[in-house]
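Participant: Sequence first, predicted coordinates after that:
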Amino acid sequence: MGKELLEIPPDTPVYTGSVTDIGCHIKLLLYYNGSELIKKTDLTVEQLKDFKFHKGYTYWISIVGLNDTEKVQEIGKIFELHDLTVEDIVNVHERPKIEDFDDYLFVVVKELLFDRESLKIDFRHIPMVLKDNIFITFSEEWTGIFDFLLKRLEKSKSRLRQRKSDYLCFSAIDVVIDKYFKIFEEIGEVVEDMEDRVLKEPDETLVEQVHYLKRELIFVRRNIWPLREIINDIIKADYTFIYEPTKVYFRDAYDHTIQIIDTLESFRDILSGLLDVYLSSLSNKMNEIMKTLSIIGTIFIPLTFIAGNYGMNFRYMPELYWHYGYFAVLISYVVIASGLIIFFKKRKWF
Amino acid sequence: MGKELLEIPPDTPVYTGSVTDIGCHIKLLLYYNGSELIKKTDLTVEQLKDFKFHKGYTYWISIVGLNDTEKVQEIGKIFELHDLTVEDIVNVHERPKIEDFDDYLFVVVKELLFDRESLKIDFRHIPMVLKDNIFITFSEEWTGIFDFLLKRLEKSKSRLRQRKSDYLCFSAIDVVIDKYFKIFEEIGEVVEDMEDRVLKEPDETLVEQVHYLKRELIFVRRNIWPLREIINDIIKADYTFIYEPTKVYFRDAYDHTIQIIDTLESFRDILSGLLDVYLSSLSNKMNEIMKTLSIIGTIFIPLTFIAGNYGMNFRYMPELYWHYGYFAVLISYVVIASGLIIFFKKRKWF
Amino acid sequence: MGKELLEIPPDTPVYTGSVTDIGCHIKLLLYYNGSELIKKTDLTVEQLKDFKFHKGYTYWISIVGLNDTEKVQEIGKIFELHDLTVEDIVNVHERPKIEDFDDYLFVVVKELLFDRESLKIDFRHIPMVLKDNIFITFSEEWTGIFDFLLKRLEKSKSRLRQRKSDYLCFSAIDVVIDKYFKIFEEIGEVVEDMEDRVLKEPDETLVEQVHYLKRELIFVRRNIWPLREIINDIIKADYTFIYEPTKVYFRDAYDHTIQIIDTLESFRDILSGLLDVYLSSLSNKMNEIMKTLSIIGTIFIPLTFIAGNYGMNFRYMPELYWHYGYFAVLISYVVIASGLIIFFKKRKWF
Amino acid sequence: MGKELLEIPPDTPVYTGSVTDIGCHIKLLLYYNGSELIKKTDLTVEQLKDFKFHKGYTYWISIVGLNDTEKVQEIGKIFELHDLTVEDIVNVHERPKIEDFDDYLFVVVKELLFDRESLKIDFRHIPMVLKDNIFITFSEEWTGIFDFLLKRLEKSKSRLRQRKSDYLCFSAIDVVIDKYFKIFEEIGEVVEDMEDRVLKEPDETLVEQVHYLKRELIFVRRNIWPLREIINDIIKADYTFIYEPTKVYFRDAYDHTIQIIDTLESFRDILSGLLDVYLSSLSNKMNEIMKTLSIIGTIFIPLTFIAGNYGMNFRYMPELYWHYGYFAVLISYVVIASGLIIFFKKRKWF
Amino acid sequence: MGKELLEIPPDTPVYTGSVTDIGCHIKLLLYYNGSELIKKTDLTVEQLKDFKFHKGYTYWISIVGLNDTEKVQEIGKIFELHDLTVEDIVNVHERPKIEDFDDYLFVVVKELLFDRESLKIDFRHIPMVLKDNIFITFSEEWTGIFDFLLKRLEKSKSRLRQRKSDYLCFSAIDVVIDKYFKIFEEIGEVVEDMEDRVLKEPDETLVEQVHYLKRELIFVRRNIWPLREIINDIIKADYTFIYEPTKVYFRDAYDHTIQIIDTLESFRDILSGLLDVYLSSLSNKMNEIMKTLSIIGTIFIPLTFIAGNYGMNFRYMPELYWHYGYFAVLISYVVIASGLIIFFKKRKWF
């Protein structure tokens, strides 16, 4: 990323994502006060340019595919977006943020993706533009995140149809937050599973996995904290296109982001604790092993020495000729072994 | 939780708790300035709807059982609660919070439950609505948390009977906080017991228990911090239905929440310290064991070698034929062992 | 504590301390502008009730013994203290705090006690009431904390006699803070002693003591932080009975509390560091022991094997019959041992 | 540095950098509203002094080489810079900072340099002065950091040519930030490489490298945090020479600094975690080794003892004469070894 | 310290330092606008009392030796210092602080001393009083800290001579800060040296030294943080005797204190990291040692057992009589040893 940034002037938008085999699909939905819902899919940029936007209606324009930066620039021109906004739309490495350009509000959020097998957490860049009665969402590829929103819009009695574009904007953000909950639940199960394993059957791959998940959560954190600030900003600042009745919903969304952050922090705490438990669990094992070795070793070492002693071939070793010599040695075995066992018992070694 | 949230529009209340085999029990208490207390139990929603609320009286409506969301919605309609409030009432995963809807105050607190055997800490969702002279409490199931409040109400001379609904609200929150104290005292005993064990007889199950309790306290923390903010909010903000004379009591409650947080933090500190002590205690044990093994090992290894040497069957080994050979070896045993013992003594190995 | 709190309504004061075999001793001191000091000891509550307080004088009432809650309640009534104040006076678990009840100021501080033998740190609850020209101190038992204050009051030229009750209040708090200094000095010596021991002769009881002291300091912290806030409050807020000229003294006291907190934090830092040093010191010892064992072990193991080999009783072992066999073995001993020693030397094992 | 500072009065500028074999190279670029670009390289200080600056034009003066402090002082006099500014220009140890001297704005940023082989991170001091239509950059040596900016300036249609000196200032800072991104990407690769190695082939040099990189990042941190504050200051404060339309670009730059800080913090988190993983990985290895030793050791020790026992040369050892004695011993070998293996299996040692 | 504080009323100044064999040396310097510098050394308190101070001149009074508290009290009276100020002047344990007493400004800073051999960091108490055109510095003993300031004053053209007493005050604080830089540079070298040693030749004394230096830095921290606050206060607050043009210099000094704090924090970070590196380095060593022991041990143990087996004296051991028995055993040695070596190689033990 850095390299390109250094060689390309900041006034040229550059697509920094990985999805490049997708065109630029434009879908337009319009409705007014709960009575009518018109869908237009696969519009061309020209059709969008020629489209007449009316005051009473609410418009939702969904653009999928950001790699064709020229088309995004043209769309930007239609809705009079600032050059910087267009650049931020196609730069998928941009952090979640909110920016108020007097005649529109620019919001960037991130969809969360989680692969339970590899523990890989990924993000999808979702820039949004709110402009009076027009709401525009951009996404890199089809992830189905807004499908459910669409279904709700289709119900003519839904709260969504009865409200303005700012409620649509809230719902879009809410859907993204709900996705966080869903994925955090999955992560929670993974973490619980790790806890079970660390206490029952700790092995080295677990450390790797704990480290990896901790690392991934660091990146999640970088995307969730600004989300909280965004929503807080919407509640506190006086943005032109966010009306008072919608703010109570954002307040609810704010509580949810805090809940998510709390959950994230507890994951981090638990995972950090896991490594300690793992190490203490290893130490325990080690201790037990060493103890067994020590006990058996220290008991037999003196006995073996005695045996070795009477295995010597000196011509003059009086004991060897004593009739009960062997039995005396056997008895000394028992005495020494018992003595050591008693000594270990006293020190609570077993 | 996440899954349902994603498929159900935010405008439908969903009960997310686990207590589902309970109906919706409504109890109504009314009284005015210390003179009269009327109890009506097992009211139906219809009876509640038809009930006439008078200005001079203070009403406490206690609703137990939240899984019948339709009834809760109807109750919400009777008291003109916002849709979001109704949703938050039945969503037991909601964090403690306070929300001011001009014509009522919505407070969510959490009852703490602790099982000393399994160290499991649990929460019960307790949403409350304060509306001028009406105070409504919701709970998932009968936990008896408000029994004591009831007893106090029955005494006609109690402070409770002489004050308004805001004092009732304070008392309800106070009862919840007192429950925290009670449970924290139990946890304190458990922690102290763990401290004793880690120093006297550390075993592996202890690590598991410490980790588990630490983990549970992380979740307790997530519920106590917002509680503090709620009470602080009540003191600082100018909520319509909280009158000045009650605020001094809330200030007291605020001190208690800080005391609880302090206690919680010290539990966390102590438990974190315990793991270190445990590890150092293990290391100590290990050290002692290794030392014993090393001393016995290093003393006998050279002796055994000497014995082994003279056990060889070479035809020409002059020492073997020397009359005092065996005694010389015995003396060499003593010399070597003494030398090593002195060496170890000097190095302070025992 | 929790249990009682749950069963007793918040409007009944409960003594929660441990000193129960003491009555309620009332002492009254009065003086005006440096000219006169009158002492009245062992007053009864009735005598106190009938006592006439004059404007020009400054009164210091010292009450020792809080377990007779009824008497405390009566005293509360004499000086028109709020119910909550009376409850807080007898509840020794209350945190240090300041509360402004328009017609009086209620301050709670804690006297620190330290037993150097057992490392036990204890607290004594000291509530104070400042009411224009009347200053009341409460204490659970005779600890002599205010003896020195009394001596200073007896000197007619002392600054104390020339100033109002707010300076008396400052002096009382100052005396408590000075006690902290004194005890922190003792703790500092204990900590230094622990540092010496951990580096010179680490043993397991040290870990226990470090853990115990750390734990005690956690509790000290919970009482010192609010003290700082109290004094800061006195400086910043405009309390009716604290006059401007006294504030400069409180500013000095504030600096002292910060100094105490700094000291406390450095104790905590040092103690935390000690455990690490202890562990590394243990590891060092272990390393040295293992090294010795390894060196002796690995040198003698091959030699013993060779000896064992030629101790076998096979009929056909050509070496045994070779005249210089034994000497060859002796030489091989030297060669192998030297080789291993050189190997260890190279690896810097000793 | 300290020594010189102590002996030289603060009113004498001292060059504290290491690049001393470079003169003082002055380059001047001027242009107005996108029409004209004039470059003058290798100007002398005298030429600069005599140069006439016109209102309509934007001037960029680039000064390379700071060790000739007298020349820098003279340049300072030409543009009426405060003595402290001149001192800060030549003191390369100065932190990044912004200072508003009514008639000019003084900004210090740091260029980041990274040597992947040695993991050494270095800084180059880049002071900047913004004075209405004049923008001055200083640098210790030629690092090519502004080359790209120059190229952009040469394009007459670039945004840079159409805007004022404040946009030039933004672009200069932006180029510095982009350099951070580029280098952080490299560091990111190094960190990822370390992660791979710690899990696959941990060796001691890795610890050294992790420690070294952590250490270097501590210093990076000290230079990035103030950078963020600088940009925030530019956005918030009302500096005379920063115009409103440029602030939106600084807002973007601010987001980038936060992204950089986030990345830095995650590097630190990951590196800290790496050491733990390394230690646990070592412990694992140790455990495996000890286990093998213990198992082999404890199995053979008793067997060797038995063998030793029957190697004794007592005249009266009845077993030796029993015909099946040897076979009984062989069987006892098998029984004992199997017993121990079963014991170890049960304890899950392998 | 505590003990004395408890027995001596707060209205008596007590010298708490260790330098007691020094009198009270008064030096007075006066000058006006760069034209004249008069020095008067070894003044008596009486001479100082009778001295006439003129408006136009700037006076610097340097007092060395604080153990004669009576003289300090008299000096306090001459300049009308508050009792608390006098107490703080002689109490060397006072934290750095700034206090505004309407008619003068009281500043306490600390000179840093460092003994590289013992790693001991010490402080010297430097109280200062700024009173319109009079600036008074106090010090416990001659440390030469202000010598350089004196030299600069002697140059009639120095900035110092052309400015007022507030610039003199700044210069005095600046000199103290420069001393911090100098000493931090030395500490930096010590830390770097420790880093080298921990990686190359870790020994136990290093842990002791790291711990000791960390401990000393804790105390340094307690003196530097308030210093930063003091300078910030000077910049922000509107102190009567600090004029606007001097504030820009204090802003520079503020940047320096932040730089010092940053450096201090990085020392702490590095030192904390060092212990981890040390432990991992120890573990590494241990691992290597154990590995060698294990390999040699586990290879020879089975071989020795075989030798022992055939050393038994059973009458009926068929192998002993087999002609190639001995050679078979020798071959079995090679097979077993090779097998184990291959096993260890596979597990990457060497």
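Facilitator: In hand now; what should we look at?
Participant: who's in contact with A:G311?
Facilitator: B:A307, B:G308, B:G311, C:G311, D:G308, D:G311, D:M312, D:N313, E:G311 (CB atoms under 8 Å, 6 or more residues apart in numbering or on different chains). The C-beta positions use only the backbone N, C-alpha and C, and glycine is treated the same way.
Participant: Now do A:V191 against A:F267, distance only.
Facilitator: Separation of A:V191 from A:F267 (CB to CB, to the nearest Å): 6 Å.
Participant: where in the stretch 1-150 of chain A is pLDDT low?
Facilitator: A:1-11, A:33-35 (pLDDT under 70).
Participant: How about the backbone phi and psi for whichever residue of chain A sits closest to chain B?
Facilitator: Proximity of chain A to chain B (CB to the nearest CB) peaks at A:K182, 3.1 Å away. Backbone geometry at A:K182, expressed as degrees, to the nearest 10, gives phi -60, psi -50.
Participant: what about the helix or strand containing A:V175 and chain D, any contact?
Facilitator: Counting by DSSP states H and E, the element that carries A:V175 is helix A:165-200. No: between helix A:165-200 and chain D, judged by CB under 8 Å from any CB of the partner chain, nothing touches; the nearest distance is 10.4 Å.
Participant: Would you tell me what the next helix or strand after that helix is?
Facilitator: Next element after helix A:165-200 (DSSP H and E): helix A:204-236.
Participant: by how many degrees do the helix or strand that that next one is followed by and helix A:165-200 diverge?
Facilitator: Going down the chain from helix A:204-236, the next helix or strand is helix A:244-309, by DSSP H and E. Angle, helix A:244-309 to helix A:165-200, by axes from the mean of the first three to the mean of the last three CA atoms, to 10 degrees: 10 degrees.
Participant: what about helix A:244-309, near chain E?
Facilitator: No: Helix A:244-309 does not reach chain E (CB under 8 Å from any CB); its nearest approach is 8.8 Å.
Participant: As a check, name the ranges of all strands in the stretch 1-150 of chain A.
Facilitator: Ranges of strands in the stretch 1-150 of chain A, per DSSP state E, counting those that start in this stretch, are A:25-32, A:36-43, A:58-64, A:97-101, A:104-115, A:120-131, A:134-139.
Participant: and of these, who's closest to chain D?
Facilitator: strand A:97-101 (5.9 Å).
Participant: ok so, going back, right, so of the strands of the stretch 1-150 of chain A, which gets closest to D:F53?
Facilitator: Closest approach to D:F53 among the strands of the stretch 1-150 of chain A (CB to CB): strand A:97-101, 34.7 Å.
Participant: ok, A:T44 touching A:C24?
Facilitator: No: between A:T44 and A:C24 there is no contact under CB atoms under 8 Å: 9.2 Å.
Participant: So for the two, which residue has more residues nearby?
Facilitator: A:C24 (19 against 11; other CB atoms under 10 Å in any protein chain shown).
Participant: I'd like to know which of the strands of the stretch 1-150 of chain A lies nearest to C:V207.
Facilitator: Here strand A:120-131 is closest among those (CB to CB), at 39.8 Å.
Participant: Export the closest one to CSV, keeping only CA atoms.
Facilitator: Taking C-alpha atoms only, strand A:120-131 is exported to CSV below (Å, rounded to 0.1, in the frame of the first residue of the first chain):
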residue,chain,number,x,y,z
LYS,A,120,-8.8,-15.7,10.3
ILE,A,121,-10.8,-12.5,10.8
ASP,A,122,-11.3,-10.4,7.8
PHE,A,123,-13.0,-7.0,7.1
ARG,A,124,-15.0,-5.7,4.2
HIS,A,125,-14.9,-1.9,3.6
ILE,A,126,-18.4,-0.4,3.6
PRO,A,127,-18.5,3.3,2.8
MET,A,128,-21.8,5.1,3.0
VAL,A,129,-23.0,8.5,1.9
LEU,A,130,-26.1,10.1,3.4
LYS,A,131,-27.5,13.1,1.5
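Participant: Note down every partner strand of it and its orientation.
Facilitator: Strand pairing for strand A:120-131, determined by DSSP bridges: strand A:104-115 (antiparallel), strand A:134-139 (antiparallel).
Participant: tell me the most buried of those strands?
Facilitator: strand A:134-139 (a mean of 23; mean count of other CB atoms under 10 Å in any protein chain shown).
Participant: outside of that strand, which residues touch it?
Facilitator: With CB under 8 Å, 6+ apart, strand A:134-139 has contacts from A:53, A:58-64, A:66, A:72, A:75, A:79, A:89, A:111, A:124-130, A:145-146, A:165, A:168-169, A:172.
Participant: Filter these down to the buried ones.
Facilitator: Buried by 16 or more other CB atoms under 10 Å in any protein chain shown: A:58-64, A:66, A:72, A:75, A:79, A:89, A:111, A:124-130, A:145-146, A:165, A:168-169, A:172, out of the contacts of strand A:134-139.
Participant: For A:E80, give me its contacts.
Facilitator: If you count contacts by CB under 8 Å, 6+ apart, then A:E80 has A:D103, A:Y104 around it.
Participant: now it: how far from chain D?
Facilitator: Distance, A:E80 to chain D, using CB to the nearest CB, to the nearest Å: 14 Å.
Participant: For that residue, grab phi and psi.
Facilitator: phi 50, psi 50.
Participant: Does A:E111 touch A:F123 like I think?
Facilitator: Yes: applying CB under 8 Å, one finds A:E111 in contact with A:F123, separated by 6.7 Å.
Participant: Could you check the pLDDT of the residue of the stretch 201-350 of chain A found nearest chain C?
Facilitator: Nearest residue of the stretch 201-350 of chain A to chain C: A:G311, at 6.7 Å (CB to the nearest CB). What the model reports for A:G311 is a pLDDT of 84.
Participant: and it, which of the three is it?
Facilitator: What DSSP: H, G, I helix; E, B strand; the rest coil gives for A:G311 is coil.
Participant: Now A:R197. Nearest residue, chain neighbours left out?
Facilitator: A:L206 (5.6 Å; CB to CB, 6 or more residues apart in numbering or on different chains).
Participant: Give me the mean pLDDT for stretch A:337-347.
Facilitator: On average, stretch A:337-347 scores 87.
Participant: Quick check: A:Y333 is in a helix.
Facilitator: Yes: A:Y333: assigned to a helix according to three-state DSSP.
Participant: does it really touch A:T304, like I thought?
Facilitator: No: in this structure, A:Y333 is not within contact of A:T304 by CB under 8 Å, at 10.1 Å.
Participant: Of the two, which one has the most company?
Facilitator: A:T304 (23 against 18).
Participant: Correct me if wrong: A:R197 contacts A:T205.
Facilitator: No: at 9.4 Å, A:R197 does not count as touching A:T205 under the criterion of CB under 8 Å.
Participant: With neighbour numbers in mind, choose between the two.
Facilitator: Per other CB under 10 Å, whichever of A:R197 and A:T205 has more neighbours is A:R197, with 17 against 10.
Participant: how's chain A carved up into domains?
Facilitator: Annotated domains of chain A cover A:2-280, A:285-346 [automatic domain parsing].
Participant: The residue of chain A closest to chain B and chain E, how far apart?
Facilitator: The value you get for A:K182 to chain E, if CB to the nearest CB is used, is 38 Å.
Participant: what does A:D178 give?
Facilitator: 40 Å.
Participant: re the thing from before, and the furthest pair within the contacts of A:G311?
Facilitator: B:G308 and D:N313 (13.4 Å).
Participant: Looking at these two, which has the bigger crowd around it?
Facilitator: For B:G308 versus D:N313, the count of surrounding residues by other CB under 10 Å is larger for B:G308: 31 against 19.
Participant: Please determine how far that one is located from E:F300.
Facilitator: 12 Å.
Participant: Which neighbours do those two have in common?
Facilitator: Counting by CB under 8 Å, 6+ apart, the residues touching both B:G308 and E:F300 are C:T304.
Participant: Give me the neighbour count for the residue nearest to A:M286 when sequence neighbours are not counted.
Facilitator: Take A:M286 and drop its neighbours on the chain: the residue closest to it by CB to CB, 6+ apart is D:N287, 5.4 Å away. A count of nearby residues for D:N287, using other CB under 10 Å, gives 16.
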